[in-house]
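Colleague: 3D model of this:
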Amino acid sequence: MPSTLSVRPPSVTGALRALEELLMRSGQRTARRNAWTAVLEDRRRARDRREAQHLLEAVAAPGPQAT
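Modeller: Alright, predicted model coming up:
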């Protein structure tokens with residue numbers, strides 16, 4: 001008795017989508033890593049700006065120097 005359940009071979013479009021998904025996965029991982037590196041760099045620059053601002057305010061303030 002022949003089976004009524006047939007399995008279609010993957011289409012070219014389906015194969016290309018699968019390949020794109022596989023390639024994009026690593027690209028998204030790289031993009032996330034680059035974004036996180038940028039966030040950390042922005043935080044470092046903000047910390048450096050705050051420290052520089054405190055030093056400038058301490059130098060400009062009259063009275064005893066507290067650096």
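Colleague: any idea how many residues pack against T37?
Modeller: With neighbours defined by other CB atoms under 10 Å, the count for T37 comes to 10. (Each C-beta comes from the backbone N, C-alpha and C, glycine too.)
Colleague: near D42, how many other residues are there?
Modeller: Neighbour count for D42, taken as other CB under 10 Å: 10.
Colleague: the helix or strand containing it - contacts with which helices or strands?
Modeller: Per DSSP states H and E: D42 is located in helix 12-60. Counting contacts by 3 or more CB pairs under 8 Å, 6 or more residues apart in numbering; DSSP states H and E, helix 12-60 is packed against no other helix or strand.
Colleague: for that helix, the averaged confidence score.
Modeller: Helix 12-60 shows a mean pLDDT of 91.
Colleague: quick one, phi/psi of P62?
Modeller: phi -70, psi 160 (degrees, to the nearest 10).
Colleague: count the neighbours of it for me.
Modeller: By other CB under 10 Å, neighbour count at P62 equals 4.
Colleague: quick one: contacts for it?
Modeller: Listed by CB atoms under 8 Å, 6 or more residues apart in numbering, the contact set of P62 is empty.
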